[in-house]
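Participant: Show me how the following folds:
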Amino acid sequence: MKASVPMLSWVSDGWTEIGPQRSHNEDALLERRDMLLWAVADGMGGHSAGEVASGRIVDQLSACALSERLGQCRLKVEAALHRCHDGLAEYARQNTLGIVGSTAVVLVARGNYCCVLWVGDSRAYRLRNGRLSMLTRDHSHVFELMDQGYITAQQAEHHPQANAVTRAVGGSSPLRVDSLTFEVQPDDRFLLCSDGLSGSVVAGEMKAILASSQDHPGQQLVTKAVQNNTPDNVTAVVITACRQDIATQ
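Facilitator: Below you'll find the model as predicted:
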């Protein structure tokens, strides 16, 4: 007797904008559906050459020779981020610059599983069965204060150090990459974004756009952040797991 096994195909939509209050864009995105690899990188504002840092991250990731096994893909993505970390430190030294750094959030998929990796406060969200969840946890000063019970989540949103990250690719500390691996369900929708979006689009707006059947949800999210007068560059990549039923013995 044959049973129907859900297999997944993937579609995505990426978009980035300078934003209404910045003169140039230090964000970068990667949308490689052929590799089942997506990423958002946010060059650290206030530091030199943030666009160099974010650009190097997406270039290194795009050049990865990924395997068919998700665990090996995770290790290769981590290795690429470590190469960027070391290379950006050398770039800063050679050019007599301060920190040249960037946050990063990456999603790689294989079969019915995927892995999210991140450094800093660029985020990954998942919309599943109408519920929006944040998959990542910011490497930031305010999240550390929340973990220690000094401030609430609501206070964190308006904290004066809300943009102060504690980890970055190219930062002064040894690089530590967090990751999360999990099974994907058909119709799961993922959002990778810079803090120019997560800090300007409230959860209800984000959920409504991700749940919509309209085209180009990434562009819609970026447009909403610009309409909300985001103070930063803003970038979104939306990835959807679509069902492909095949018959199996």
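Participant: A helix includes Ile57, no?
Facilitator: Yes - the assignment for Ile57 is a helix, going by DSSP: H, G, I helix; E, B strand; the rest coil.
Participant: Quick one: find the helix or strand in this protein with the lowest mean pLDDT.
Facilitator: helix 153-157 (a mean of 61; mean pLDDT, DSSP states H and E).
Participant: which element follows that one toward the C-terminus?
Facilitator: Once helix 153-157 ends, the next helix or strand along the chain (criterion: DSSP states H and E) is strand 178-183.
Participant: Sheet partners, orientation included, of the helix or strand that that following strand is followed by?
Facilitator: Following strand 178-183 in sequence order, the next helix or strand is strand 189-193 (DSSP H and E). Here strand 189-193 is paired, per DSSP bridges, with strand 123-128 (antiparallel), strand 234-248 (antiparallel).
Participant: Let me know which of these is the nearest to Gln94.
Facilitator: Closest to Gln94 of the strands paired with strand 189-193, according to CB to CB: strand 234-248, at 27.8 Å. Every C-beta, even on glycine, is put in place using the N, C-alpha and C of the backbone.
Participant: Pull out the buried residues from the closest one.
Facilitator: Across strand 234-248, burial judged by 16 or more other CB atoms under 10 Å covers 234-241.
Participant: does the nearest residue to Asp215 once chain neighbours are set aside count as helix, strand or coil?
Facilitator: Distances taken as CB to CB, 6 or more residues apart in numbering put Asp13 closest to Asp215, at 7.8 Å, once the chain neighbours are dropped. What three-state DSSP gives for Asp13 is strand.
Participant: Surely Asp13 and Val237 touch.
Facilitator: Yes - here Asp13 lies in contact with Val237, judged by CB atoms under 8 Å, at a distance of 7.3 Å.
Participant: Are there residues contacting both of these two? Which ones?
Facilitator: Gly218 (CB atoms under 8 Å, 6 or more residues apart in numbering).
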